[in-house]
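A.B. asks: The following block contains a protein sequence and its predicted model.
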There are 2 protein chains.
Amino acid sequence: MQTLWDHRYAQRMQRIKASAIRELLKLTEQPDVISFAGGLPAPEVFPIEEFKEACIRVLNEQGDFALQYGSTEGYLPLREMIARHTSRYGIQISAENVMITSGSQQALDLIGKVFINRGDRILVESPTYLGALQAWNTYGAEYVTVRTDDDGMVTEDIEGALRAGPKFIYVLPNFQNPMGVTISLERREQLVEMADRYGVPIVEDDPYGQLRFEGKHLPAVEVIDARTRVQNGHYTGNVIYLSTFSKILAPGIRLAWIIAPPEVIRKLVLAKQGTDLHTATFNQVVAYEVGRHGFLDQHVKKICQVYKERRDVMLEALEEHMPEGVTWTHPQGGLFLWLRLPEQCDATELFPAAVKNKVAYVPGESFHPNGGGKNTMRLNFSYPTPEKINEGIARLGKMLKEEICANQKIFQGA
Amino acid sequence: MQTLWDHRYAQRMQRIKASAIRELLKLTEQPDVISFAGGLPAPEVFPIEEFKEACIRVLNEQGDFALQYGSTEGYLPLREMIARHTSRYGIQISAENVMITSGSQQALDLIGKVFINRGDRILVESPTYLGALQAWNTYGAEYVTVRTDDDGMVTEDIEGALRAGPKFIYVLPNFQNPMGVTISLERREQLVEMADRYGVPIVEDDPYGQLRFEGKHLPAVEVIDARTRVQNGHYTGNVIYLSTFSKILAPGIRLAWIIAPPEVIRKLVLAKQGTDLHTATFNQVVAYEVGRHGFLDQHVKKICQVYKERRDVMLEALEEHMPEGVTWTHPQGGLFLWLRLPEQCDATELFPAAVKNKVAYVPGESFHPNGGGKNTMRLNFSYPTPEKINEGIARLGKMLKEEICANQKIFQGA
């Protein structure tokens, strides 16, 4: 039945469509489907006991404060804890550089609100994080894309893209969602150098940086940029850096943070006031209590152990079950890897066959804002147990062998 | 120091200014100032023990679920609880009509995102809720205003305002923020009738409706509208209705809800996906556990007792201490009342004198989107204790007597 609201939607709603992925994923909710499609952390590593203790302590000792309205910037001790944590990685910042957000998705939304005019171009990796595209499409963003290979963003493409005059560069340097690849140190330095030459600032999205299973930690783009720019202990660089508690603590508390120059933080705070006033005080105080005595360091080690095992199981299963012509990335951390099928295959078209075989993935096309990637898919290894990973990859391999074989026959017959 | 972000702010940021109120309120953070300026619930009525029990139970029994990502619509049992609760007030809806938001401020932001194009006019009461203006200014809203008296929105003004072609009507029918006034039943019926005649839908913001100290509950605008519109048990009316747990449970958990026709809910869900993905699962499950066995009914009674006492103390103190020519509203519920000074007074100009006298309020001008209300102020009675209310009103009365007297001398001398 029609209501008076029907013809009153804003123009921007034409760019907000139900995500094709979400529609596909509804097919995978049957309990016998093994899904590599989600991006969920393993519930086995949620620190439930620590949460319980923190909730009790917070409500006993400062319930009046934790249940009351709070400041838009966020809970000061938590912001200070994040500043100290960040400083360990080589950049001296203070709480003034930190704002708490309701998940990183809100950080992306606020960046869109504060910086994007309709028609502005954003330089992104292709493929890139879908949530950023969803947030920024609302504000009328267009995209200039740069190729990504096993060493991350292909820097030789950046200069051409920068000449298109992007408002900013958006990059996920560590174990990128969706590909699982990491930008090499050399490319990070080239990126910062080129961004500086063209006068274009950078948004660095780093939800997984701490979840490194092997290899050496690489300095954040922010750290490389900041080497020449920190003044009086205040970060005044050209990078807005995002990270989150979703992958190192739990996503169900919706807590993330933005690090930026103080003037940028002030604008983001103004935008957040009208958007949700502030992030839940209770969650911030509880997260601070869970994290304050160094718990996160040991906890991250535990998460890495669990995820490394699952990645290894997935890599071995892929070796065993994938037909010839299929390749995949070897992530050194994070939650995802990326599968490339032979050129003629279309992962979206294959999806129903996968679900019929009781296995699911995300077709890679969705992550390419300007098209491409038809023959790719994203696989998540953090959520399913090792047994499920083995079985699921076997099912996927069987399906691909059948379908690729059928495809080739059609191809040869044409 | 300048960064590359400096000249890259979106045009809409020109309309997002630091709220004058927030700047003023910084002056009132000295501990010896008695502040009637905030809008905080009394922490004395936070159900801390119930929260603690619920947190423990949730983490013991469903920690894996409560700490994980959740659905954008919100936690189904909570949405069903809200639907049942709403149905008690005379409108049959189901969970399909309910979306959970991160506080009512987010509901206002999402309504702006989904419905407001730059230049769209919104019909509002003058004065109206400041947070709605903050949310919608970002989307380029303009305002058509309707006068408000002690019976709420003056309905004889509505028709003229509707002829300006507003996108929708925004109204706070119960114990309005900032005035504390309630729209009479007759005016509610006139409002619905006129909105229907001009084909303009309504956003009804009702954060305080349950906090009625005296008098009879009046049907929501939504209920009046729905009488002729509910089909097959689904609300398909022209009202989007907003309410929140902030005033009946605690604001620090940031939980509110939207009730709307299913098609509108679907659009709001799409907008919320890109905005913050979903509201904290943990908070939703805990709020459901706190509320599920009818706790809220008895708890609301307790809040009403506390707030009624504070309102009574404020009304008595006003009688005792205010100079002639000052009048005020007599709210039957809620958190605020509204003071009118003689015409020649300016509450913003008087503010420094008030702070000097160690008392604070919000000048009424801020709540008028198109100007006016210079001689008015908003006073909050929910947060300060009765003793503070008595003392604060005495200080305010003393200051006003001195200043009004001085003003009159200047006036007479001119």
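C.D. replies: Cool, got the structure. Numbers count the residues shown, from 1 in each chain, chains lettered A, B, ... in the order given.

A.B. asks: How about the single nearest residue of the stretch 301-414 of chain A relative to chain B: what's its closest non-neighbour residue?
C.D. replies: Using CB to the nearest CB, A:Y383 is the residue of the stretch 301-414 of chain A that sits closest to chain B, at 9.5 Å. (Glycine included, C-beta is placed from N, CA and C.) Counting by CB to CB, 6 or more residues apart in numbering or on different chains, A:Y383 lies nearest to A:L40, which is 4.4 Å off, once chain neighbours are set aside.

A.B. asks: what's the answer for A:G74, then?
C.D. replies: Leaving aside its sequence neighbours, A:G74 sits nearest to A:I100 (CB to CB, 6+ apart; 2.8 Å).

A.B. asks: again with A:A164
C.D. replies: A:V144 (4.6 Å).

A.B. asks: Over to that neighbour. Which of the three states is it?
C.D. replies: Secondary structure state of A:V144, per DSSP: H, G, I helix; E, B strand; the rest coil, is strand.

A.B. asks: before we move on, back to that, give the contact list for the residue nearest to A:G74.
C.D. replies: The neighbours of A:I100, taking CB atoms under 8 Å, 6 or more residues apart in numbering or on different chains as the test, are A:E73, A:G74, A:Y75, A:L78, A:R79, A:L255, A:A256, A:W257, A:T279, A:Q284.

A.B. asks: mind putting those in JSON lines, pLDDT included?
C.D. replies: Listed next are those as JSON lines, based on pLDDT from 0 to 100:
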{"residue": "A:E73", "pLDDT": "96"}
{"residue": "A:G74", "pLDDT": "97"}
{"residue": "A:Y75", "pLDDT": "97"}
{"residue": "A:L78", "pLDDT": "98"}
{"residue": "A:R79", "pLDDT": "98"}
{"residue": "A:L255", "pLDDT": "98"}
{"residue": "A:A256", "pLDDT": "98"}
{"residue": "A:W257", "pLDDT": "98"}
{"residue": "A:T279", "pLDDT": "98"}
{"residue": "A:Q284", "pLDDT": "98"}
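
A.B. asks: I'd like the residues you listed as TSV, with distance to A:I116 and secondary structure appended.
C.D. replies: What follows is those, written out as TSV (distance: CB to CB, whole Å; DSSP: H, G, I helix; E, B strand; the rest coil):
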residue	distance to A:I116	secondary structure
A:E73	22	coil
A:G74	23	coil
A:Y75	28	coil
A:L78	28	helix
A:R79	25	helix
A:L255	24	coil
A:A256	19	strand
A:W257	21	strand
A:T279	22	coil
A:Q284	27	helix
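
A.B. asks: Just the closest of those to A:Q92, please.
C.D. replies: A:Q92 has its nearest neighbour among the contacts of A:I100 in A:R79, at 14.7 Å by CB to CB.

A.B. asks: Next, find the distance separating that closest one from B:T3.
C.D. replies: Distance of A:R79 to B:T3, given as CB to CB, to the nearest Å: 20 Å.

A.B. asks: before we move on, what about A:A394?
C.D. replies: Note on A:A394: its distance to B:T3, by CB to CB, is 51 Å.

A.B. asks: ok, now A:G90?
C.D. replies: 19 Å.

A.B. asks: Which residue of those two possesses the greater neighbour count?
C.D. replies: Between A:G90 and B:T3, counting by other CB atoms under 10 Å in any protein chain shown, B:T3 is the more crowded of the two (20 against 13).

A.B. asks: can you count the residues close to the closest residue to the more buried one other than its chain neighbours?
C.D. replies: Nearest residue to B:T3, sequence neighbours excluded (CB to CB, 6+ apart): A:P261, at 5.0 Å. The tally of other residues near A:P261 (other CB under 10 Å) stands at 25.

A.B. asks: any idea how far A:E96 is from A:P261?
C.D. replies: For A:P261, the distance to A:E96 equals 9 Å [CB to CB].

A.B. asks: Can I take it that the residue nearest to A:G74 is in a strand?
C.D. replies: Yes - under three-state DSSP, A:I100 falls within a strand.

A.B. asks: Look at it and report its pLDDT.
C.D. replies: If you check A:I100, the pLDDT there is 98.

A.B. asks: what does A:P386 give?
C.D. replies: On the pLDDT scale, A:P386 is placed at 98.

A.B. asks: sec struct for the closest residue in space to it that isn't next to it in sequence, please.
C.D. replies: Among residues not flanking A:P386 along the chain, A:V313 sits closest, at 4.4 Å (CB to CB, 6+ apart). Three-state call for A:V313 (three-state DSSP): helix.

A.B. asks: Can you give me the neighbour number for the nearest residue to A:T327 once chain neighbours are set aside?
C.D. replies: Nearest residue to A:T327, sequence neighbours excluded (CB to CB, 6+ apart): A:R340, at 4.8 Å. For A:R340, the count of nearby residues is 18 (other CB under 10 Å).

A.B. asks: Quick one: residues contacting A:R340.
C.D. replies: A:R340 makes contacts with A:V326, A:T327, A:W328, A:N375, A:T376, as judged by CB under 8 Å, 6+ apart.

A.B. asks: Narrow these to those in helices?
C.D. replies: Assignment to helices by DSSP state H places none of these there.

A.B. asks: Quick one: buried ones out of these?
C.D. replies: A:V326, A:W328, A:N375, A:T376 (16 or more other CB atoms under 10 Å in any protein chain shown).

A.B. asks: Tell me which of these fall in strands.
C.D. replies: The subset of those located in strands under the criterion DSSP state E comprises A:W328, A:T376.

A.B. asks: farthest-separated two in the buried ones among the contacts of A:R340?
C.D. replies: Using CB to CB, the two most remote members of those are A:W328 and A:N375, lying 12.3 Å apart.

A.B. asks: which residue ranges form the helices in the stretch 201-350 of chain A?
C.D. replies: A:221-226, A:262-276, A:281-291, A:295-321, A:347-356 (DSSP state H, counting those that start in this stretch).

A.B. asks: and B:G140, which of those is closest to it?
C.D. replies: Evaluated with CB to CB, the helices of the stretch 201-350 of chain A place helix A:262-276 nearest to B:G140, the distance being 12.7 Å.

A.B. asks: Spell out, range by range, the strands that occur in the stretch 101-250 of chain A.
C.D. replies: A:121-126, A:142-149, A:152-153, A:168-171, A:202-205, A:239-244 (DSSP state E, counting those that start in this stretch).
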